[in-house]
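Trainee: Pasting a predicted model and its sequence here:
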Amino acid sequence: MTLSRRHVLLAGAAGSAALLLGACSARGPGADRRALDDARTARDAGQLVAGDGFTQVELDWTDPARGRAVPVRLYLPAAQASGAPPLALVLFSHGLGGSRRGYSYLGTHLARHGIACLHVQHVGSDRALWGGSPLELAARLQAAAQDREAIDRVADLSFALDRVLEAGRGDAWRFAVDPARVIVAGHSYGANTALLASGAQVERDGAAVNLHDRRVRAAIVLSAPPFYGAPALAPILRPVTLPSLHVTTTDDEIRVPGYWSPPADRVRVFDAIGSRPKALAVFNGGAHSVFTDRTLPGGPELNARVKAATQQLTLAFMASTFDGRAEALGSWSRQHGEILARFTATA
């Protein structure tokens, strides 16, 4: 279905778009950051760069069907022997103004635990938004929140998955993907992108817009804003039936001139989604950007604790979802009870 650019599929307006700033280009832990940035000199050749317990490569792909660049950063387990079993794959979508280099704390952690993580950069809503005249920033943010870009972001994920699955002998980074363990994840605007790829449907011109990639088997959404332009969330999110994990904080507030979204909106998304099973973790404290590589709001100690707990939570969710380890999420919640305001898991 072709949508008019006058429509806003996701967060609604320039102000709401500006809200999703949390994933702007960020700085990760020093040692990891230095190792990851070494890849800039090797990315054109698709050369793997070794980190501490992981390998990583940057690739500059282009989707020929759309003529759209799709840059990615791929994190892999350090040891990939010939004939190794297929890997679970997480497709990660950044927030507004972000890039493939953000959320490195999560990508490296997953790779160290045997999971491939592909961070996709969305060129219509990436870090390039911060360039140019400050007077035109609101217009750039508004354009990035339009229907066309929202659709392209989901298409970016599907194309990147295609490219990984079709990797050939000449691709040094190639690996076997376990088709039963393909997970989509994202933060903020990227969380909305992940939800659309998981089956969320909005209505435009009297018809549902369905962008579901049926190869996706689970979703991890960090700080998901609600979908606007519709009277209720349930009709949009009820079609999402695959397992989902929702992560937020008590201070996960989105506020800019002309727009405000309270932390309760993140819980509303969880309540409305049709996922079975589904889980919600709400941390005590931590701003909207706490799930990025940034460490400013809330101080370094809180940020470090929330990030470490989120790393472990993603693994517990995957163990519960794919390995039949029903106790994994409960064990995680007991371990981190001191910094949790709420934890809910439903079958």
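Mentor: Structure's in. What do you need? Numbering: from 1, shown residues only.

Trainee: so where's the protein shaky on pLDDT?
Mentor: 1-45, 80-83, 229-230, 256-259, 295-298 (pLDDT under 70).

Trainee: And the helices in it, which stretches?
Mentor: Counting by DSSP state H, the chain has helices at residues 14-18, 30-37, 104-112, 137-144, 147-165, 189-197, 234-237, 264-272, 300-322, 327-335.

Trainee: Among those helices, show me which one is buried the most.
Mentor: Highest mean neighbour count among the helices of the chain (mean count of other C-beta atoms under 10 Å): helix 189-197, with a mean of 30. To be clear about C-beta, it is placed using only N, CA and C from the backbone, and glycine gets the same treatment.

Trainee: Which strands or helices does that one pack on?
Mentor: Applying 3 or more C-beta pairs under 8 Å, 6 or more residues apart in numbering; DSSP states H and E, one finds that helix 189-197 contacts strand 87-93, helix 147-165, strand 177-187, strand 218-222.

Trainee: Dump the ones you listed to CSV, plus distance to V202.
Mentor: Formatted as CSV, the helices and strands packed on helix 189-197 follow (distance: least, C-beta to C-beta, whole Å):
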stretch, distance to V202
strand 87-93, 17
helix 147-165, 9
strand 177-187, 16
strand 218-222, 16
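
Trainee: which stretch among the ones you listed comes nearest R68?
Mentor: Nearest of the helices and strands packed on helix 189-197 to R68, taken as C-beta to C-beta: helix 147-165 at 6.4 Å.

Trainee: Put the alpha carbons of that closest one into CSV.
Mentor: Extracted C-alpha coordinates of helix 147-165, given in CSV (Å, rounded to 0.1, in the frame of the first residue of the first chain):
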residue,chain,number,x,y,z
ASP,A,147,5.1,7.3,6.8
ARG,A,148,7.6,6.7,4.0
GLU,A,149,10.5,6.6,6.3
ALA,A,150,8.7,4.4,8.8
ILE,A,151,8.0,1.9,6.0
ASP,A,152,11.6,2.2,4.7
ARG,A,153,13.0,1.4,8.1
VAL,A,154,11.1,-1.9,8.2
ALA,A,155,12.2,-2.6,4.7
ASP,A,156,15.8,-1.9,5.8
LEU,A,157,15.6,-4.7,8.3
SER,A,158,14.0,-7.2,5.9
PHE,A,159,16.7,-6.4,3.3
ALA,A,160,19.5,-6.8,5.8
LEU,A,161,18.1,-10.2,6.8
ASP,A,162,17.9,-11.2,3.1
ARG,A,163,21.5,-10.2,2.7
VAL,A,164,22.7,-12.2,5.7
LEU,A,165,20.8,-15.3,4.6
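
Trainee: ok, and what's touching that helix?
Mentor: 3-5, 7-10, 61, 63, 65-66, 68, 70, 72, 74, 89, 91, 93, 118, 120, 122, 124-125, 143, 175, 177, 182, 184, 189-190, 192-194, 196-197, 204, 209, 211, 213, 215 (C-beta atoms under 8 Å, 6 or more residues apart in numbering).

Trainee: if we can go back for a sec, ok, which of the helices and strands packed on helix 189-197 comes nearest A111?
Mentor: Nearest to A111 among these is strand 87-93 (9.4 Å), distances taken as C-beta to C-beta.

Trainee: Quickly run through the sheet partners of that closest one, with directions.
Mentor: Next to strand 87-93 in the sheet, as set by DSSP bridges, lie strand 116-120 (parallel), strand 177-187 (parallel).

Trainee: Next, the buried residues of the last one.
Mentor: Residues 177, 181-187 are the ones in strand 177-187 that count as buried (16 or more other C-beta atoms under 10 Å).

Trainee: Check which residues of stretch 193-212 are buried.
Mentor: Residues of stretch 193-212 classed as buried: 193-202, 204, 209, 211-212 (neighbour count, 16+ other C-beta under 10 Å).

Trainee: Those residues: which two are farthest apart?
Mentor: A194 and R204, at 19.7 Å, using C-beta to C-beta across these.

Trainee: ok, F159 to L242 distance?
Mentor: Using C-beta to C-beta, to the nearest Å, F159 is found at 20 Å from L242.

Trainee: Would you format the helices of the chain as JSON lines with distance to T55 included?
Mentor: Putting the helices of the chain into JSON lines (distance: least, C-beta to C-beta, whole Å) gives the following:
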{"stretch": "helix 14-18", "distance to T55": "35"}
{"stretch": "helix 30-37", "distance to T55": "10"}
{"stretch": "helix 104-112", "distance to T55": "7"}
{"stretch": "helix 137-144", "distance to T55": "32"}
{"stretch": "helix 147-165", "distance to T55": "15"}
{"stretch": "helix 189-197", "distance to T55": "24"}
{"stretch": "helix 234-237", "distance to T55": "36"}
{"stretch": "helix 264-272", "distance to T55": "34"}
{"stretch": "helix 300-322", "distance to T55": "18"}
{"stretch": "helix 327-335", "distance to T55": "26"}
